[in-house]
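K.L.:
Sequence plus predicted model, see below.
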Amino acid sequence: MIEQAHQLGEKLELAVWNQDEAGPYQTRPYPGSSWQPEGEPERQPHEYIRNGTAKLLTLFHPATGEVKAKGVTSSANAILHPWLKEELSHILQTLPPPKELDAETNQKLWEMWQEGLSLPITLPQSLPALRMLLIWDNLRGHYTTGMLLWLFDHGVMPLYTPLGGSWLNMAESMQRILFQRGLAGQYPESPTEIISSLEAVAHAWNQTPTPFEWGGKRAARRQRSRQRRHALGGSGAYTRRPLRRNSTIIQKWQLSCQTTH
């Protein structure tokens with residue numbers, strides 16, 4: 001379902017955004033390259049003082065490459081939810097007005113993004129026009145009733161990544177870029193320095209953002225794996241798993257565990 005959102009969401013005139021929290025980032029030297037005079041490489045201390053941590057709240061739009069980032073010292077619901085509501089409200093104001101649909105068609109449009117889920121979200125009886133798909137991690141704090149009702153009231157459908165499926169959230173890739181550009185080769189000595197570096201990199205990225213597209217070599221490998229078939233002799237049948245075959249005499253002889261006496 002999340003793959004379909006990345007591939008079809010924008011074509012259906014639905015804004016697709018990814019949200020994630022990165023960190024914690026410690027006040028320590030981070031390995032990485034940096035620009036230094038020849039023969040005078042930057043040297044980082046092997047001892048450092050733990051002076052707190054920082055986190056990064058990220059909201060990413062793959063279709064345009066725009067990223068909204070805010071550095072914080074805690075990503076608790078009391079901090080995350082107000083920030084997310086404010087950012088989503090600004091984004092929704094910039095979207096074109098939704099198409100007018102009858103109540104039944106609008107309800108089916110919401111429900112189609114929950115098809116196949118073992119535990120679908122209970123949707124309200126009266127829903128506004130669907131305007132955005134929000135891809136979110138499967139954390140307990142993201143299921144709070146107040147936050148879900150706010151999203152539904154504003155036409156936002158959350159799509160939660162499954163357990164072990166963080167690779168479905170493109171915000172993860174965006175956060176790695178911000179981390180490498182902001183902290184690699186640096187030695188921040190306070191959470192304030194970490195926050196300033198990450199937010200400055202995000203601001204610079206938005207000057208010339210790079211759109212992300214779903215797919216690539218990894219998706220092609222997964223598709224080939226799904227289509228991999230093992231033919232069965234004597235008919236046109238095939239199996240998805242290779243059948244266990246009897247070993248030949250030569251294969252038995254090559255086994256290191258073969259009994260010789």
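P.N.:
Arrived safely, thanks for sending.

K.L.:
Measure how buried L80 is and give me the count.
P.N.:
Other residues within reach of L80, judged by other C-beta atoms under 10 Å, total 21. (Glycine included, C-beta is placed from N, CA and C.)

K.L.:
Repeat that for L123.
P.N.:
14.

K.L.:
can you tell me the distance between the two ends of stretch 154-164?
P.N.:
Terminal residues of stretch 154-164 lie 29 Å apart, using C-alpha to C-alpha, to the nearest Å.

K.L.:
To clarify, my last question referred to stretch 48-68.
P.N.:
End to end - C-alpha to C-alpha - stretch 48-68 spans 31 Å.

K.L.:
Pull out the buried residues from it.
P.N.:
Buried residues in stretch 48-68, defined by neighbour count with 16 or more other C-beta atoms under 10 Å: A54, K55, L56, L57, T58, L59, F60, H61, P62, E66, V67, K68.

K.L.:
quick one: which of these is nearest to I194?
P.N.:
Looking at those and their distance to I194, the nearest is A54, at 4.0 Å (C-beta to C-beta).

K.L.:
Give the next helix or strand downstream of the host helix or strand of the closest one.
P.N.:
Element membership of A54, judged by DSSP states H and E, is strand 53-61. For strand 53-61, the following helix or strand on the C-terminal side (DSSP H and E) is strand 66-72.

K.L.:
Skipping adjacent residues, who's closest to Q44 in space?
P.N.:
Spatially, and ignoring its direct neighbours in sequence, Q44 is nearest to P29 (3.6 Å; C-beta to C-beta, 6 or more residues apart in numbering).

K.L.:
Quick check, that neighbour in contact with Y48.
P.N.:
Yes. If you go by C-beta atoms under 8 Å, P29 and Y48 touch, sitting 6.3 Å apart.

K.L.:
can you list residues touching both of those two?
P.N.:
Common neighbours of P29 and Y48, counting by C-beta atoms under 8 Å, 6 or more residues apart in numbering, are Y187.

K.L.:
The closest residue to E193 other than its chain neighbours and L92, how far apart?
P.N.:
Using C-beta to C-beta, 6+ apart and skipping the chain neighbours, the partner closest in space to E193 is T27 (7.8 Å). Between T27 and L92 the distance is 37 Å, computed by C-beta to C-beta, to the nearest Å.

K.L.:
Pick out the residue closest to the middle of the protein.
P.N.:
N169 (1.5 Å; C-alpha atoms, centre = their mean).

K.L.:
That one: what's it in contact with?
P.N.:
The contact partners of N169, taken as C-beta under 8 Å, 6+ apart, are N18, D20, I135, W136, D137, T161.

K.L.:
number of nearby residues for the residue nearest to Q44?
P.N.:
If we define neighbours as other C-beta under 10 Å, then P29 has 19 of them.

K.L.:
which residues sit in contact with it?
P.N.:
P29 neighbours (C-beta under 8 Å, 6+ apart): Q44, P45, Y48, Q186, Y187.
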